[in-house]
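Trainee: Sequence first, predicted model second:
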Amino acid sequence: MDERLRRLRDSVRAFTQRAAGQAATLTTAGCTAVEIFREHVRAQKAKETNSNSLQLHKSRSIRVFISSSFKDMGAERDILMTSTFPLIRSVCAFKGLHFSEVDLRWGVREEDDHYRAVVTCLNEVELCRPYFIAMLGERYGWIPSLDFLQQAANNTPTSDWIVEEHGCSLTHIEILSGILRQPLHSVRAVVYLRDASYLNLITDPAQLASYTSADHDSAQRLQDLKNALKMRPDVLVRNYAHPSEIAHHVQQDLLGFIFKDYPNEGIFEDPLQQERFLHAVFAEARERLYVRLPELDNLVQRICVQTGCLGKEVPPSSERHFLLLGPSGSGKSSLSAFLRRVLEERLPAQSFLLLHFIGYSSHAADCLAMLRRIALELKDWASLSADEAPCENPTRLPSEFGNILITAASKVPEKKVVILLDALNQLRQDENLAWLPPTLPPNVHVIASSTEALRPLAERSWTTVQMPELTGPQRRNLAERYLSHFGKQLEDHRLDLLANASQCSNPLFLKVLLDELRVQGEYGAVLDLQLGELLQARNIKELYHLVLRRLEDLYGGQRVATLFALLAVSRRGLTEHELMDAMRETRASVSSLYHAVQESLVSQSGLLIFHHDALKQAVRERYLQTRAQAAEAHQTLCEYFEAMDPLNPRRVEELPFHLQSLQRHDALAQFLSSIDNFRAMSASEALKLDYFAFWRELGPDRAPPLFCAALVSWFGGGGGKDADAGSSSSVQQQQQQQ
């Protein structure tokens, strides 16, 4: 890191670390995002829709404006950006909501006149309404001149009132616009007042000046503003003593507002409907990053032609199935999401359209789970009988799926069946795509994406399309569009740096870079130094190394290394509780770190996995370089799952994998020879395959003849009662022999 940047940031970072550490003990009341959402679901199902919710336009986008003077509230804003808002964003994602905060510490263009700063703030307050957070200490803040206010009023027709407020600080004007000038009970606003005793902790006289008002008049105006807010009956006013307390308060208050205004979003009785909703929400989030390129427009047009979207007879063509190829972060998921919306709008009525994001979660990446979801959707769409669509027996799905698909499509041959499969290379328990028939009915179209060529599809003459890279103007456009969600702008010279950086041709690289600037970016020269440092990364993996380094600086290198290393070596991911327990950390000590990394992870069915493979590669390079490091991580999880209740299904999912990785062959053989473990793994199609694989790894010398015969009887006989009895007897005999 540049030494100038280090010096500029060290003092702020040191204070933020202390504050974040103390905040960790206070954010535990809300627990994790999954737990918060589950508790909300339980509470909501126990009562009818909340009658106190505001009658909003019900946009699924929630923006909250953060108002305060800048110089004295840096620690509070840092804590909210790194700890609280990532957690709220994750909870909102479960409800299908997009949460973004507007923190204008940077984002107002430096070449703009000061009056434009006033205009920007007022416009953002309007866009965020009704959600508003104000933090006030003993500093009144910058006071715009009368000339600035007049120019701002001329450029915002609805804000001519600001001229009458000459002498008010910009923070005061924001609060007037967001709260005090609004009708009663029309806002979702919280005001946090920091106790004046906090100033006693600041020993540097130069720093203390940044925490107090410039003169007596400003101090009196600040006190009058606080009194006016306390008199407002629909505004929640909280007092706090230290920046570390702000995290829990904001989390509790904002989620309270959101649950009132969106009480039932994301809550479904039908698991299939829930799954459909989550994939649709994921698609909406991905589509926000979609960049229209001529090559992609041409591709979308070709797909629309082949799927009959144009209302014309489809000409004979080999382009019935497509494979989108490109490296991680090249925009395949965004294209899939955009294509879904286009097809949804243009496909003939009653067509079947399904988008499955395989990389969305560990559950979505399971081949049997994916096939079951598609089969159930086809069954409902084509009104198939249970015999025509045997969806409840997972052991039959790989072999029966082709028949289900062909039967459903053949029942309504005049309708289109379009299936979009994103990240096909990440599908587990599937090596040759045997479940996908080599020949499909003419009304069926499959469009998949992958980071690598898939030989089974090449052999079937699928049309392969390489994802194009972003051009300079397109990079600039994406940066402006993405930052606008957070009320931010970059100056032209900084946008030019992004447009001219070849690594920004990858949309994921550009998004991660912008997120880093958004979370940690300062303004002025410091922002330039931070941007220059991030652009030293030559690819997305190197950029993730810089992200990990920042997390290490904030939360401790060993703690960050342990968290990511355990996730990287886990078999199918870890639950939040497993991760914390295996780290031997209390929830309080790891809470802030966990919230800070949530946006880099995805979770469904409680299991956390990496959001992007590039991050996992960076983690392996950084924390699992040597066999000893990998062995230590496997050993930690091995000990954790060994101590778990033997009947816990997570134990049989993870423990044998870690025993195998540690080459503890005798212990693995003993585990596999246990009748309880044998039955548990046999009950799951995926674990049954693992069971065979583990024995193959051990070799015939460790699998006695009687036990092998029992396995053949069990699996060959379909696991019936006779096979069960024979297996149980044989295993028990073998255990006695040992």
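Mentor: Perfect, thanks for sending it.
Trainee: just the helices in the stretch 151-300 of the chain please.
Mentor: Assigned by DSSP state H, counting those that start in this stretch, the stretch 151-300 of the chain shows helices spanning 170-175, 205-208, 216-231, 246-261, 271-287, 294-306.
Trainee: Show me the shaky parts of the stretch 301-450 of the chain.
Mentor: 311-318, 361-362, 394-395, 429-431 (pLDDT under 70).
Trainee: quick one on the thing from earlier: can you tell me which of the helices of the stretch 151-300 of the chain comes nearest to residue 571?
Mentor: helix 271-287 (22.6 Å; CB to CB). For every residue, glycine as well, the C-beta is placed using N, CA and C.
Trainee: Mind giving me the packing neighbours of that closest one?
Mentor: helix 332-346, strand 352-357, helix 367-382 (3 or more CB pairs under 8 Å, 6 or more residues apart in numbering; DSSP states H and E).
Trainee: Just the CA trace of it, in CSV.
Mentor: Listed next in CSV are the C-alpha coordinates belonging to helix 271-287 (Å, rounded to 0.1, in the frame of the first residue of the first chain):
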residue,chain,number,x,y,z
PRO,A,271,-41.5,-24.9,-0.9
LEU,A,272,-41.6,-24.9,-4.7
GLN,A,273,-43.1,-21.4,-4.7
GLN,A,274,-40.4,-20.3,-2.2
GLU,A,275,-37.7,-21.7,-4.5
ARG,A,276,-39.2,-20.0,-7.5
PHE,A,277,-39.3,-16.7,-5.6
LEU,A,278,-35.7,-16.9,-4.5
HIS,A,279,-34.4,-17.6,-8.0
ALA,A,280,-36.5,-14.7,-9.4
VAL,A,281,-35.1,-12.3,-6.7
PHE,A,282,-31.6,-13.5,-7.5
ALA,A,283,-32.3,-12.8,-11.2
GLU,A,284,-33.4,-9.3,-10.5
ALA,A,285,-30.2,-8.6,-8.5
ARG,A,286,-28.1,-10.0,-11.4
GLU,A,287,-29.9,-8.1,-14.0
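Trainee: So which of the helices of the stretch 151-300 of the chain is nearest residue 457?
Mentor: Of all the helices of the stretch 151-300 of the chain, helix 294-306 comes closest under CB to CB, at 15.9 Å.
Trainee: Can you redo the helices and strands packed on helix 271-287 as a markdown table, where the extra columns are distance to residue 294 and mean neighbour count?
Mentor: Shown next, in a markdown table, are those (distance: least, CB to CB, whole Å; neighbours: other CB atoms under 10 Å):
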| stretch | distance to residue 294 | mean neighbour count |
| --- | --- | --- |
| helix 332-346 | 13 | 21 |
| strand 352-357 | 24 | 22 |
| helix 367-382 | 32 | 20 |
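Trainee: would you turn those into a markdown table with distance to residue 141?
Mentor: Compiled in a markdown table, the helices and strands packed on helix 271-287 are given as follows (distance: least, CB to CB, whole Å):
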| stretch | distance to residue 141 |
| --- | --- |
| helix 332-346 | 40 |
| strand 352-357 | 44 |
| helix 367-382 | 53 |
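Trainee: Out of the ones you listed, the one nearest residue 273 is which?
Mentor: Across the helices and strands packed on helix 271-287, closest to residue 273 is helix 367-382 (CB to CB), at 10.4 Å.
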